[in-house]
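[1] Predicted model and sequence below, questions to follow.
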Number of protein chains: 2
Amino acid sequence: MAGTRLFAERGYEGTSLSAIAHRAGVNKAMVSYHFGGKRKLYLAIVAATFDDIVGRAEELPALRRPAPELLRRLIALIAETATRRNPHFPVMMLREVLAGGRHLADGTLGYPLRVADVVRRIVERGIREGAFRPVNPLLTHLSLIGGLLFFFATAPLRHRLIATGRLGTSEPDAADYVRHMQDLLVEGLLARRRSRRGRTLMTVS
Amino acid sequence: MAGTRLFAERGYEGTSLSAIAHRAGVNKAMVSYHFGGKRKLYLAIVAATFDDIVGRAEELPALRRPAPELLRRLIALIAETATRRNPHFPVMMLREVLAGGRHLADGTLGYPLRVADVVRRIVERGIREGAFRPVNPLLTHLSLIGGLLFFFATAPLRHRLIATGRLGTSEPDAADYVRHMQDLLVEGLLARRRSRRGRTLMTVS
DNA sequence: GTCTATAGGCTGATAGAC
DNA sequence: GTCTATCAGCCTATAGAC
């Protein structure tokens, strides 16, 4: 889909039919003719983007593997989608949740819920099996997905900062970030005998 | 600033001067008169939003406290900003990094860098002191900030899903998420004798 | 199917009265 | 300072030729 990149880079309102038609090498009347207008084109792109990743993620809980391994697999799966299958997925997803689903029909709105459900099933299995400490699955989901989407969605900004010599390092490797998130989550959720948890510090003096 | 909420909810291109003027109860000619146009108004709002949180975060490394505590404080500080000082900060920040800094002048572009630098200094101190395992500070920064911004920026979507009865639970408490992120990060970065790390699983069969 | 031409509306900016 | 009126430009959608 030609408009995917434009919608990802500039958002729904920031992208005009003229720009899409120009990039696709056709006339802008063609876009309305084939997709029924800008809104319908956008919805088709979002659905195609989310369907792939959510469908693949939902296959994971059926595997009879230990929860920590499933969590590692889910992280790798999302990263593989973001790097190879559809580089625009993280930005599209973040743009949609930022909009609060204002653009979306009810069916499309459920995609984030389905991902949250996959994480919930994996985390609850890990707690049941004694591998994870008793942690809130929804909060785990939010930190996991948030950390992953943020990494891939901010790649263009990092490239710009690197090009102007303002980011000390070079672009971190996606595989390194996958390992980082896998280790952070699995180590951070691990059940232990003597926990050091309990310090809140919500108040900042 | 009256336009803050509109820019946060609908983005730069999705917000018109007419809408801002209407919400502020003035004429749209007034907005251009006082701020010099839509772009300058937006830049002023972004700068005001980022200045507060970045400035406060940069005071942390000067404190002579253990690194894990500083990390907990940083998380609490960002959450306090997002809940009490400026509820629109997470969405504004995410929108800007998604745009790759396209809207921003060079000075404003540096705000994310300054937050990353605070995390880097805390993490490097933790490694030096033997509290943290040798972890990449930039990757730590990305997972930390990504997880935090995602939680607060997705609150409107969650409210909508809860209102239509599609999210099983009620809205999670912000203080609970702060504790979750504090525990996840500090536990996940903790130095241990026998590490279980090393499984990559980047390839998903 | 693919194009050009155009309609009708909204945008941001500004001139000018008060 | 604050307003109304207006400008030129862009937007999406579509009618109609081929």
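    Okay, I see it.

[2] Got the confidence number for residue A:101?
    If you check residue A:101, the pLDDT there is 81.

[3] what sits against it?
    Listed by C-beta atoms under 8 Å, 6 or more residues apart in numbering or on different chains, the contact set of residue A:101 reads A:108, A:109, B:157, B:160. Any C-beta I mention is one placed from the backbone N, CA and C, and that applies to glycine too.

[4] mind running it again at 10 Å?
    By C-beta atoms under 10 Å, 6 or more residues apart in numbering or on different chains, residue A:101 lies in contact with A:108, A:109, A:110, A:111, A:112, B:156, B:157, B:160, B:161.

[5] same question, residue A:42
    Residues near residue A:42 by C-beta under 10 Å, 6+ apart: A:3, A:4, A:7, A:12, A:15, A:20, A:35, A:92, A:103, A:104.

[6] ok, now residue A:142?
    Contacts of residue A:142 were listed using C-beta under 10 Å, 6+ apart, and they are A:116, A:119, A:136, B:147-148, B:150-152, B:154, B:158, B:172, B:177, B:180-181.

[7] now residue A:32
    Shown in contact with residue A:32 (C-beta under 10 Å, 6+ apart): A:17, A:21, A:38, A:40, A:41.

[8] Does the lowest-mean-pLDDT helix or strand in chain A reach chain B?
    One helix or strand of chain A scores below all others by mean pLDDT, DSSP states H and E: helix A:106-109, with a mean of 78. Yes - judged by C-beta under 10 Å from any C-beta of the partner chain, helix A:106-109 and chain B are in contact via A:106, A:109.

[9] roughly how far out does that helix sit from the chain middle?
    Centre-to-centre, helix A:106-109 and its host chain are 16 Å apart (C-alpha atoms, centre = their mean, to the nearest Å).

[10] who does that helix touch, helix- and strand-wise?
    Under the contact criterion of 3 or more C-beta pairs under 10 Å, 6 or more residues apart in numbering or on different chains; DSSP states H and E, helix A:106-109 touches helix A:38-57, helix A:89-98, helix B:155-163.

[11] Residue A:134 belongs to a helix?
    No - assessed with DSSP: H, G, I helix; E, B strand; the rest coil, residue A:134 is coil; it does not lie in a helix.

[12] Hmm, it is touching residue B:183, no?
    No - using C-beta atoms under 10 Å, residue A:134 is not in contact with residue B:183, being 11.6 Å away.

[13] Please say which of those two ends up with more neighbours.
    A count of neighbours by other C-beta atoms under 10 Å in any protein chain shown puts residue B:183 above the other of residue A:134 and residue B:183, at 22 against 9.

[14] do you know how far the more buried one is from chain A?
    Residue B:183 sits 5 Å away from chain A when distances are taken as C-beta to the nearest C-beta, to the nearest Å.

[15] And that residue, how far from residue A:18?
    50 Å (C-beta to C-beta, to the nearest Å).

[16] so which strand or helix has the residue nearest in space to the middle of chain A?
    By C-alpha atoms, centre = their mean, chain A has its centre lying nearest to residue A:149, at 4.0 Å. Using DSSP states H and E, residue A:149 maps to helix A:137-153.

[17] just the contacts of residue A:142 now: which is nearest residue A:96?
    Nearest to residue A:96 among the contacts of residue A:142 is residue B:154, at 10.1 Å by C-beta to C-beta.

[18] And the closest one, its phi and psi?
    phi -90, psi 0 (degrees, to the nearest 10).

[19] Could you find the closest non-adjacent residue to it?
    Among residues not flanking residue B:154 along the chain, residue A:97 sits closest, at 4.9 Å (C-beta to C-beta, 6 or more residues apart in numbering or on different chains).

[20] and what of residue A:100?
    For residue A:100, ignoring the flanking residues on the chain, the nearest one in space by C-beta to C-beta, 6+ apart is residue B:156 at 4.0 Å.

[21] per-residue pLDDT, the one you found?
    For residue B:156, the model assigns a pLDDT of 95.

[22] how about the residues of chain A near DNA strand C?
    A:26, A:27, A:28, A:29, A:30, A:33, A:34 (C-beta under 7 Å from any atom of the strand).

[23] what's near enough to touch the nearest residue to the third one once chain neighbours are set aside?
    Spelled out, that is residue A:28. Excluding the flanking residues, the one nearest residue A:28 by C-beta to C-beta, 6+ apart is residue A:21, at 3.7 Å. By C-beta under 10 Å, 6+ apart, residue A:21 lies in contact with A:2, A:3, A:27, A:28, A:29, A:30, A:31, A:32.

[24] host element of residue A:21?
    helix A:17-24.
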